[in-house]
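# My questions concern the predicted model and sequence given below.
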Amino acid sequence: MNDTGLLDSIVIGAGQAGLSASFHLQRLGIRHLVLDADREPGGAWQHRWDALTMRDVHGVAELPGSLPPPRTEDRANAAIPAYFTEYEREHALPVIRPAHVDRVQNDAQDPETLVVTTGDRSLRSRTLVNATGTWSQPFVPRYPGMEAFAGEQFHTVGYPGPQHFIGKRTLVVGGGASAVQFLGAIAPLADTIWVTRSEPVWRTDDFTPEAGAASVALVEQRVAAGLPPQSVVSVTGLMLREQEREAERLGAYRGRRPMFASVERDGVRWADGTFQRVDIILWATGFRPAIAHLAPLHLRSAAGGIQLDRGGRGTTAVADARVQLVGYGPSASTIGANRAGRSAAAGVRRYLLGSARAA
């Protein structure tokens, strides 16, 4: 079905950044729709593992005009979707779901207009706010022999909970916060081996708002140069929470090893030629931005990333001012999601006003 009405903007994704952008677009009187690939509200949070509680996630930055769920032992994959559901209802945000966006391209008859295709439906818009985040694009590095491994392999997106690992020697791959949390949950129940590409960097000071801003600034520098963004978490350093102290006592974090050379049927082969038997490989190796649907717009720079304005602090794509990116680079966490939503709405308004004056 083709929708011929021209919208002022389309937001792709109804996670925190997308809902924030929709709130501010609505506040500015900008006619828009939000297309969300999931069947229910909640963004990526609804897909997180059951053991992740609101206390574990260090709270969630509140959506504009509301208060976040309290930091309790409630499951994050239930509390946050409930919060988002109520927020969408309270503010009457124009969310359509499920609506998976296949591609965004220029209108053949009017190159100034964007055509957003979702299934058999086409929507036309003057601007776009991309808020698809990273959860749908898990990254697993390739190693020789992976396909021959007879044990189980999981990525963060499919983490089955700690009870699944009881009595099974588990290789945890990755140097980020998820790997640390997985080790904290699994090490008291099973033998674990931790491998990372480089030596983990631990924080010894408190993660203050100033430290958070400094970490975001490092990601902004990459985006400003048009490089593929690193996650905000990757530059904050690692810290242990109280629930990881037992794993620390058991030595789960002291025995970190450099990456193996290959995978075999019953385990991994280290670079020195020795063999390690393992039952499960848990890939806590992160995600990549979900932006393949934007490929027809040719937004990537020669350096491989999408360059944003204002030295990487803004949300407007340098290659195409019609496009705003939130949940990308410095705003790919709760630290910057709300600020990015407000910035994106302002960017949309700025473009629309400029187009009106040009006309």
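Perfect, thanks for sending it. Since the model is a prediction, treat every value here as computed from it, not as a measurement.

# Could you use CA atoms for every contact and neighbour count after this?
OK.

# Regarding this structure, what is its longest helix?
Assignment by DSSP state H gives helix 337-358 as the longest helix of the chain.

# Of all the residues in that helix, which ones are buried?
For helix 337-358, a neighbour-count test (16 or more other Cα atoms under 10 Å) marks 337-349, 351-352 as buried.

# what's it in contact with?
If you take Cα atoms under 8 Å, 6 or more residues apart in numbering as the criterion, helix 337-358 is touched by 8-9, 16-22, 24-25, 28, 30, 61-64, 126-129, 314-316, 321-322, 324-327, 331.

# mind running it again at 7 Å?
With contact meaning Cα atoms under 7 Å, 6 or more residues apart in numbering, helix 337-358 is reached by 16-18, 20-21, 24-25, 63-64, 127, 129, 314-316, 321-322, 324, 326-327, 331.

# and Val140, that's in a helix?
No. Val140 is assigned coil when assessed by DSSP: H, G, I helix; E, B strand; the rest coil, not a helix.

# Can you name the residues that contact it?
283, 285.

# What does the pLDDT read for the residue nearest to Arg254 when sequence neighbours are not counted?
Leaving aside its sequence neighbours, Arg254 sits nearest to Glu248 (Cα to Cα, 6 or more residues apart in numbering; 7.7 Å). You'll see Glu248 listed with a pLDDT of 94.

# Show me which positions of the strand or helix carrying Glu248 end up buried.
Using DSSP states H and E, the element containing Glu248 is helix 245-249. By neighbour count on 16+ other Cα under 10 Å, the buried set for helix 245-249 is 247-248.

# what's the answer for stretch 160-169, then?
Neighbour count says stretch 160-169 has 162, 165, 168-169 buried, by 16+ other Cα under 10 Å.

# Using TSV, lay out those residues together with pLDDT and distance to Thr72.
TSV is the format used below for the buried residues of stretch 160-169 (pLDDT from 0 to 100; distance: Cα to Cα, whole Å):
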residue	pLDDT	distance to Thr72
Pro162	93	20
Phe165	97	26
Lys168	98	31
Arg169	98	32
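
# Tell me the one among those residues nearest to Leu240.
Proximity of the buried residues of stretch 160-169 to Leu240 (Cα to Cα) peaks at Pro162, which lies at 17.6 Å.

# Let me know whether that closest one touches Gly184 as I believe.
No. Pro162 is beyond contact range of Gly184, at 9.5 Å (criterion: Cα atoms under 7 Å).

# which stretches of the stretch 151-300 of the chain have low pLDDT?
Residue ranges of the stretch 151-300 of the chain with pLDDT under 70: 204-221, 223-224, 229-237.

# Where do the strands of it begin and end?
With DSSP state E, counting those that start in this stretch as the criterion, the stretch 151-300 of the chain has strands at 152-155, 170-173, 192-196, 257-258, 262-264, 267-269, 275-277, 280-283.

# now for the next helix-or-strand element following the last one, which elements pack on it?
If I follow you right, that is strand 280-283. Once the chain leaves strand 280-283, the next helix or strand it forms, by DSSP H and E, is strand 316-317. With contacts taken as 3 or more Cα pairs under 7 Å, 6 or more residues apart in numbering; DSSP states H and E, strand 316-317 sits against strand 320-325.

# And the strand it packs on, what's buried?
321-325.

# Dump those residues into a markdown table; add distance to Leu35 and pLDDT as well.
Output for these, formatted as a markdown table (distance: Cα to Cα, whole Å; pLDDT from 0 to 100):
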| residue | distance to Leu35 | pLDDT |
| --- | --- | --- |
| Ala321 | 20 | 97 |
| Arg322 | 17 | 98 |
| Val323 | 15 | 98 |
| Gln324 | 15 | 97 |
| Leu325 | 15 | 96 |
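
# List just the nearest of these to Phe139.
Nearest to Phe139 among the buried residues of strand 320-325, counting by Cα to Cα, is Leu325 at 20.5 Å.

# doesn't Thr316 make contact with the closest one?
Yes. Shown here, Leu325 and Thr316 form a contact pair, counting by Cα under 7 Å, at 6.4 Å.

# Ala284 is in contact with Val173, correct?
Yes. Between Val173 and Ala284 there is a contact under Cα under 7 Å: 5.6 Å.

# what is in contact with those two at once?
Counting by Cα under 7 Å, 6+ apart, the common neighbours of Val173 and Ala284 are Ala179.

# Count the residues that sit near Pro98.
A count of nearby residues for Pro98, using other Cα atoms under 10 Å, gives 14.

# Hmm, I typed the wrong one, I wanted Ala148.
Other residues close to Ala148 by other Cα under 10 Å number 12.

# do Gln46 as well
Residue neighbour count, defined by other Cα under 10 Å, stands at 19 for Gln46.

# What of the one 5 residues further on?
Burial measure for Ala51: 16 neighbouring residues, criterion other Cα under 10 Å.
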